[in-house]
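Asker: Need a 3D model of the sequence below.
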Amino acid sequence: MSEKITPYKDKSRSKKEQVAEMFDTISKNYDGLNRVISFGIDVKWRKRVVRLVSKTNPERILDVATGTGDLAINLSKTGASEIIGLDISAGMLDVGKHKITAKKLDNVIHMVQGDSESLPYEENYFDAITVAFGVRNFENLEKGLSEIFRVLKPGGIFVILETSIPTKTPYKQGYKFYSSTILPLVGKLFSKDKSAYSYLRESAAAFPYGEALNNILRKIGFIEVKDNPQTFGVATIYTATK
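Answerer: Alright, predicted model coming up:
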């Protein structure tokens, strides 16, 4: 289970409340931050997620922790008739809605403010569910994954794209230097909210990855669980089914 790390460490409020506030604060800079800290490689990772989902020919897709809708927009290439992007942050969703309208995808993609640990959908509702850089923000990881399992159709695909930590030399050392030294400097360029970027780094370091996350997915009930490290292991794509 991942350590409960919050951006503002306010013990009087839940992690999800503080995470929502953090993303509201950085929402207008979030897309630019993603491009910079990943050197644009996150675009390639999302395309790989879309290819995996496309193979299942889904009609109805849920993108959990959709943020500004980057993955939801890319998923429109699957030919799905309905894509729901769900996020707890109103600020992130607002940015996403403008992007979707600009691309004339309002008839396909619907942005919904909601809690990943209490999804407002019936059982066996979606053909495919995705989460990109969002599962580490769940307040209760197993509860959130259980909700995803509940609303996924039997035989449906579940794909996670999440940061991970390289295990091989010299990538492990390079990642440590980058995350502890370069990333905070980049964060300062994008926002005055230093806590937000400390949280993004700390939550990535504390989150279970590889076989540890595979085992949690299996515990929930997912089958055919696989992990595929990306770009020397700085991110991982996980696939599973129900």
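
Asker: Counting by contacts, list what the top strand by length along the chain packs against.
Answerer: As assigned by DSSP state E, the longest strand anywhere in the chain is strand 152-163. Applying 3 or more Cβ pairs under 8 Å, 6 or more residues apart in numbering; DSSP states H and E, we find strand 152-163 packed against helix 41-54, strand 126-132, helix 211-220, strand 235-241. Using the backbone N, CA and C atoms, a C-beta is placed for each residue, glycine as well.

Asker: next structured bit after that strand?
Answerer: helix 171-177 (DSSP states H and E).

Asker: in this protein, what spans have low per-residue confidence?
Answerer: 1-3, 187-194, 197 (pLDDT under 70).

Asker: and the longest helix along it, which residues are buried?
Answerer: Of all the segments of type helix in the chain, defined by DSSP state H, the longest one is helix 15-37. Using 16 or more other Cβ atoms under 10 Å as the test for burial, helix 15-37 gives 15-16, 18-27, 29-31, 33-34, 37.

Asker: still on that earlier bit, the longest strand of the chain versus helix 211-220: what angle between them?
Answerer: Using axes from the mean of the first three to the mean of the last three Cα atoms, to 10 degrees, the inter-axis angle of strand 152-163 relative to helix 211-220 is 160 degrees.

Asker: what's the spacing between strand 152-163 and its chain's center?
Answerer: How far strand 152-163 lies from its chain's middle: 12 Å, per Cα atoms, centre = their mean, to the nearest Å.

Asker: Starting from it, tell me which strands it pairs with and how they run.
Answerer: Strand 152-163 sits in its sheet next to strand 126-132 (parallel), strand 235-241 (antiparallel), going by DSSP bridges.

Asker: From Ser198, how far out is the nearest residue to Glu21 once chain neighbours are set aside?
Answerer: The spatial neighbour of Glu21 that comes closest, neighbours along the chain excluded (Cβ to Cβ, 6 or more residues apart in numbering), is Tyr8 at 7.1 Å. According to Cβ to Cβ, to the nearest Å, Tyr8 stands 10 Å off from Ser198.
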